[in-house]
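Asks: whatever this is, show me its structure:
(2 chains, ligands or ions: 2)
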Amino acid sequence: MNGSFAIELENVTKVYLSREDEVQALEPISFRIHSGEFVSLVGSSGCGKSTVLSLAAGLIRPTTGVVRIMGKDVLAPSNRVGYMLQQDCLLDWRTVKDNITLGLEFRGLKTEKTESHARFLLGELGLAHTLKQFPSQLSGGMRQRVALVRTLAVQPDILLLDEPFSAVDYQNKLYLEELLTGVLKKSKVTALLVTHDLEEALALSDRILIMGNRPGRIRRTLEVPEELRSATPLKARGKPSFRPLFNELWKEMDR
Amino acid sequence: MKKWLETWLTRGAKSDAHARYLRRLRLTDGWVNVTRLGILALFVAVWEIGAEKGWIDPFLFSSPGRIWDLFLRMAADGGLFQDIGITVLETVIGFVLGTAAGTGLATLIWLFPFLSRVLDPYLVVLNSMPKVALGPLFIVTIGAGFGSVLAMGVAITVIITTLVIHSSFQSVDPNYLKLARALGANRRQLFCRIIFPACIPDMIAALKVNVGLAWVGVIVGEFLVSKNGLGHLIIYGFQVFNLTLVLLSLLIVAILATVMYQLVFHLEKRLLRHRQLE
Ligand SMILES: Nc1ncnc2c1ncn2[C@@H]1O[C@H](COP(=O)(O)OP(=O)(O)OP(=O)(O)O)[C@@H](O)[C@H]1O
Ligand SMILES: [Mg+2]
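Replies: Ligands and ions are numbered 1, 2, ... in the order given. As a prediction, the model looks like this:
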């Protein structure tokens, strides 16, 4: 892939317009994410993290600047991108089976093969038995896993995750993190994760972008050392370099 | 007998404590039903005896016996069932058509937001107008008959349905729309796969309201057109001062309306059994 980046933002700004007001959500920001890299976006509430993700997903257009996915300008949601929201947004009236193939259906990719791949992913996350159930029969953590399967079923090259595990308890969160990194390692997917959990950011990422407030900008970039990168999220939390880095991040956020 | 009652009251119990719990619950249920029937029986009895003894004027308030006699007589010559059939048909077609047309209109204005803004004040005016006042217009244009009565049933339901369903379309959780767009949905898919199914509970709620409204429209329509149907029987009974006929017709309307409401209620339970109650 002619040396291009998976995700690239170049002098991007975003101004939200309404009848009463205009809100400058982002001042010119630029960053690049390599193919296969796992990058986290942290920052205080309202600093524009979701805005950055929506821009990368092609859900909104930048006011100025360019957004590129795999070297191509983003004009509309791309087939190569999977987006996971904070809410699981499962459709209550569809079974788990029909929920996980929703993306395939929309993109006209629903075939025997892709469907069985989706079922395979469901099995990987330990939910094979829920195939015929309805979302209302599942627990919060299970719903979140189904939502993850739905995102992965379209076999995206790039994953955009907006606080995907904020609604689940700590234990489930650790479990989901393990599952996620397990799946990503196998398929060499690029990931951009928005989180307010600094531990999560450190445990999962190769790099952390710290955003500042009003208007949103990138205040600092933190490279995560190899020791943490190569360990699984659970093990990384126990490494000696984890705590000092966590404290550094925390201080940076506090400013 | 006592033993039999005991086993019936505690059927399906998982343990002794559960049996005692079920027994208490079912005894209350039983008493509620007995009291209900008792009130009804008492009412009918007082009415009948009152008319017999001249406490109330049977000419004005009739009596259960007279109503029953009239029912048997009219049932025997079959004319009653024709009237019932026609009113039920008008009502069912009225509320189904009204709900369907309302949903269709709501879809149309969802498709064209500009149209929705343009039409908004007109819809509000039409909605605040008492639709039964349109009766004479329908009779002049469609003619005094089945069509006019039906038009009344539809007119009374269609605008409110349009407004309710359109606002329901618009209040679908924006996160669902975001998700669908990110998953690659086009506008058609967005509507057919997300917005429409998400609003089915509201459509059924509209259907429930419309059952009641359509009865109003159809009965008033039959008052005006006055050819056949239960509304016609009521107005006819009133004109010849046959209050027994009026009361019989009212009773039948009450029973039919309840049955229809229950049918829609069961439809709702069937269609929505998998949805989470918010
Ligand atoms: N649709 C919108 N219209 C107007 N203003 C908006 C809109 N979406 C976001 N904003 C504003 O843009 C800024 C950034 O919002 P954004 O949702 O990106 O923040 P965030 O970092 O994701 O916050 P949080 O951590 O709370 O999710 C906020 O000040 C917000 O008020
Ligand atoms: Mg956000």
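Asks: give me the neighbour count for residue 147.
Replies: Since no chain was named, I'll use chain A. If you count neighbours by other CB atoms under 10 Å in any protein chain shown, A:Ala147 ends up with 21. In this view, the C-beta of every residue, glycine as well, is placed from N, C-alpha and C.
Asks: sorry, I should have been clearer: chain B.
Replies: Neighbours of B:Gly147 under the rule other CB under 10 Å: 16.
Asks: what pLDDT, on average, does stretch A:92-102 get?
Replies: The average pLDDT within stretch A:92-102 is 90.
Asks: strands along chain A, start to end?
Replies: Ranges of strands in chain A, per DSSP state E, are A:7-17, A:22-33, A:38-42, A:64-69, A:72-73, A:81-84, A:158-162, A:190-194, A:207-212, A:217-223.
Asks: from the chain's centroid, how far away is the second one?
Replies: Spelled out, it's strand A:22-33. In this view, strand A:22-33 has its centroid 18 Å away from the chain centroid, taken as CA atoms, centre = their mean, to the nearest Å.
Asks: can I get the strands of chain A in JSON lines with mean pLDDT and mean neighbour count?
Replies: Formatted as JSON lines, the strands of chain A follow (pLDDT from 0 to 100; neighbours: other CB atoms under 10 Å in any protein chain shown):
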{"stretch": "strand A:7-17", "mean pLDDT": "88", "mean neighbour count": "18"}
{"stretch": "strand A:22-33", "mean pLDDT": "87", "mean neighbour count": "17"}
{"stretch": "strand A:38-42", "mean pLDDT": "91", "mean neighbour count": "24"}
{"stretch": "strand A:64-69", "mean pLDDT": "88", "mean neighbour count": "17"}
{"stretch": "strand A:72-73", "mean pLDDT": "83", "mean neighbour count": "11"}
{"stretch": "strand A:81-84", "mean pLDDT": "90", "mean neighbour count": "26"}
{"stretch": "strand A:158-162", "mean pLDDT": "91", "mean neighbour count": "23"}
{"stretch": "strand A:190-194", "mean pLDDT": "92", "mean neighbour count": "25"}
{"stretch": "strand A:207-212", "mean pLDDT": "88", "mean neighbour count": "21"}
{"stretch": "strand A:217-223", "mean pLDDT": "81", "mean neighbour count": "15"}
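Asks: right, and these - which one's nearest B:Leu70?
Replies: Closest to B:Leu70 of those, according to CB to CB: strand A:81-84, at 68.5 Å.
Asks: remind me what the closest one packs against, helices and strands.
Replies: If you count contacts as 3 or more CB pairs under 8 Å, 6 or more residues apart in numbering or on different chains; DSSP states H and E, strand A:81-84 packs onto helix A:49-57, helix A:140-153, strand A:158-162, helix B:174-182.
Asks: relative orientation of the shortest one and strand A:64-69 in degrees?
Replies: Yep, that's strand A:158-162 we're talking about. Orientation of strand A:158-162 against strand A:64-69 (axes from the mean of the first three to the mean of the last three CA atoms, to 10 degrees) gives an angle of 120 degrees.
Asks: other SSEs contacting strand A:158-162?
Replies: With contacts taken as 3+ CB pairs under 8 Å, 6+ apart, strand A:158-162 sits against helix A:49-57, strand A:81-84, strand A:190-194.
Asks: what does that strand contact?
Replies: A:6-7, A:49-50, A:53, A:56-57, A:69-70, A:80-86, A:151-152, A:184, A:189-194 (CB atoms under 8 Å, 6 or more residues apart in numbering or on different chains).
Asks: switch to 6 Å and redo it
Replies: A:6, A:50, A:53, A:56-57, A:80-86, A:189-194 (CB atoms under 6 Å, 6 or more residues apart in numbering or on different chains).
Asks: picking up where we left off before, of all the helices and strands packed on strand A:158-162, which lies closest to ligand 1?
Replies: helix A:49-57 (3.1 Å; CB to the nearest ligand atom).
Asks: give me the pLDDT value at B:Arg270.
Replies: According to the prediction, B:Arg270 has pLDDT 85.
Asks: in the strand or helix carrying it, what's buried?
Replies: Applying DSSP states H and E as the criterion places B:Arg270 in helix B:243-271. Neighbour counts over helix B:243-271 (16 or more other CB atoms under 10 Å in any protein chain shown) mark B:243-250, B:252-253, B:256-257, B:260, B:264, B:268 as buried.
Asks: so which bits of the lengthiest helix in chain B are buried?
Replies: Ranked by residue count, the top helix of chain B under DSSP state H comes out as helix B:16-53. For helix B:16-53, a neighbour-count test (16+ other CB under 10 Å) marks B:19, B:22-23, B:47-48, B:51 as buried.
Asks: does anything pack onto it? Which helices or strands?
Replies: helix B:64-77 (3 or more CB pairs under 6 Å, 6 or more residues apart in numbering or on different chains; DSSP states H and E).
Asks: what helices or strands is the helix or strand just after the helix it packs on leaning on?
Replies: Under the assignment DSSP H and E, the closest C-terminal helix or strand after helix B:64-77 is helix B:79-111. In terms of contacts (3+ CB pairs under 6 Å, 6+ apart), helix B:79-111 is packed against helix B:146-170, helix B:200-225, helix B:230-239.
Asks: ok, now with 7 Å
Replies: helix B:113-128, helix B:146-170, helix B:200-225, helix B:230-239 (3 or more CB pairs under 7 Å, 6 or more residues apart in numbering or on different chains; DSSP states H and E).
Asks: can you put these in a markdown table and add mean pLDDT and distance to ligand 1?
Replies: Listed next are the helices and strands packed on helix B:79-111 as a markdown table, based on pLDDT from 0 to 100; distance: least, CB to the nearest ligand atom, whole Å:
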| stretch | mean pLDDT | distance to ligand 1 |
| --- | --- | --- |
| helix B:113-128 | 91 | 17 |
| helix B:146-170 | 91 | 16 |
| helix B:200-225 | 90 | 25 |
| helix B:230-239 | 91 | 52 |
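Asks: turn these into TSV, including distance to A:Met253.
Replies: Below are those laid out as TSV (distance: least, CB to CB, whole Å):
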stretch	distance to A:Met253
helix B:113-128	41
helix B:146-170	38
helix B:200-225	42
helix B:230-239	72
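Asks: adding distance to chain A, write these out as TSV.
Replies: Below are the helices and strands packed on helix B:79-111 laid out as TSV (distance: least, CB to the nearest CB, whole Å):
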stretch	distance to chain A
helix B:113-128	14
helix B:146-170	15
helix B:200-225	7
helix B:230-239	38
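Asks: which one of those helices lies closest to A:Trp93?
Replies: With CB to CB as the criterion, A:Trp93 lies closest to helix B:200-225 of the helices and strands packed on helix B:79-111, at 7.3 Å.
Asks: quick one: that closest one to helix B:243-271, angle?
Replies: Relative orientation of helix B:200-225 versus helix B:243-271 (the same axes, to 10 degrees): 160 degrees.
Asks: who does helix B:200-225 touch, helix- and strand-wise?
Replies: Here helix B:200-225 touches helix B:79-111, helix B:135-142, helix B:146-170, helix B:230-239, helix B:243-271, going by 3+ CB pairs under 7 Å, 6+ apart.
Asks: list the buried residues of it.
Replies: Buried residues in helix B:200-225, defined by neighbour count with 16+ other CB under 10 Å: B:201-211, B:213-225.
Asks: thanks a lot, catch you later.
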